[in-house]
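*Asks:* Model the structure of this input:
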Amino acid sequence: MGKPLTIRGDGSNLRCFLYAEDVVDAFEVILYKGEVGNVYNIGTENELTVLDMANSICRFFSLEPSRMIKFVRNRPLNDKRYWTDFQKLKKLGWYQKTSWEEGLKKTIEWYDSNPDWWADISNALLPHPESHPEVRGFQHNGSIKFLIYGRTGWIGGLLGKICEKEGIPFEYGKARLEDRMQVLVDITKAEPTCVLNAAGLTGKPTRIGVSHIKQRHFNRTWLVS
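*Replies:* Have a look, this model is predicted:
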């Protein structure tokens, strides 16, 4: 796109990056091995500064960081470091399988192979938290309208009833959550100000006896939603 890679502040803020597949694996380990009432943090011991991350991206595309990276005004309360203690999760048997370099490579290759997943990314490189209404493809007059997923569920049904009672405009989404393009169609047609997701998959009527392979599909759909 030829746009600079913007960094808030001096880029010294530390962040942890974990490949999506490792996060999904962590959720599954917690679901199957975790104890009810316990808290399990998902984390990684690999910390990078935001500047290190930007340099890695530039190197992957054979770009000169000094020419592509642009430092902009820091945002208020920009945390210096995020860190979570995930030793309890490791004791359940989970461990990180994908390195930062491998995860970055896989992520870039996936996006390169799936351009339809992107939707409108024309403003993706704008410094956070600045944005423009055009990103969503439509403008609003200040009124509220909800797009709700999960019509047949208890929570989704309750949200619809609350909107009806309060006179709040809403529509129920028709797309399956794992179908990103159909979700975008829902959003384009409904033009909501907010999307409320109360959808999920179950074993219909119960998750008892669901095969492990099917259960993985359920878990991944929950995470996508």
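
*Asks:* For this protein, just list every one of the helices.
*Replies:* Using DSSP state H, the helices of the chain run over 20-33, 50-60, 65-68, 87-91, 100-113, 154-166, 180-190, 212-224.

*Asks:* and these as JSON lines, adding mean pLDDT, distance to residue 144 and mean neighbour count?
*Replies:* The C-beta positions use only the backbone N, C-alpha and C, and glycine is treated the same way. Formatted as JSON lines, those follow (pLDDT from 0 to 100; distance: least, C-beta to C-beta, whole Å; neighbours: other C-beta atoms under 10 Å):
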{"stretch": "helix 20-33", "mean pLDDT": "94", "distance to residue 144": "32", "mean neighbour count": "16"}
{"stretch": "helix 50-60", "mean pLDDT": "94", "distance to residue 144": "35", "mean neighbour count": "16"}
{"stretch": "helix 65-68", "mean pLDDT": "93", "distance to residue 144": "40", "mean neighbour count": "12"}
{"stretch": "helix 87-91", "mean pLDDT": "96", "distance to residue 144": "39", "mean neighbour count": "14"}
{"stretch": "helix 100-113", "mean pLDDT": "92", "distance to residue 144": "33", "mean neighbour count": "13"}
{"stretch": "helix 154-166", "mean pLDDT": "90", "distance to residue 144": "9", "mean neighbour count": "14"}
{"stretch": "helix 180-190", "mean pLDDT": "89", "distance to residue 144": "12", "mean neighbour count": "16"}
{"stretch": "helix 212-224", "mean pLDDT": "56", "distance to residue 144": "26", "mean neighbour count": "14"}
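
*Asks:* can you pull the pLDDT of residue 114?
*Replies:* Model confidence at residue 114, given as pLDDT, is 86.

*Asks:* so who does the closest residue in space to residue 94 that isn't next to it in sequence touch?
*Replies:* Closest residue in space to residue 94, ignoring its immediate chain neighbours: residue 29 at 4.3 Å, by C-beta to C-beta, 6 or more residues apart in numbering. Contact analysis of residue 29 by C-beta atoms under 8 Å, 6 or more residues apart in numbering lists 89, 92-94.

*Asks:* I'd like to know which of the residues you listed is nearest to residue 100.
*Replies:* Nearest to residue 100 among these: residue 94, at 17.5 Å, using C-beta to C-beta.

*Asks:* What's the local residue count around the closest one?
*Replies:* Using other C-beta atoms under 10 Å, residue 94 has 21 neighbouring residues.

*Asks:* so how far is residue 7 from residue 52?
*Replies:* As judged by C-beta to C-beta, to the nearest Å, residue 52 and residue 7 stand 11 Å apart.

*Asks:* meant to ask about residue 51
*Replies:* 6 Å.
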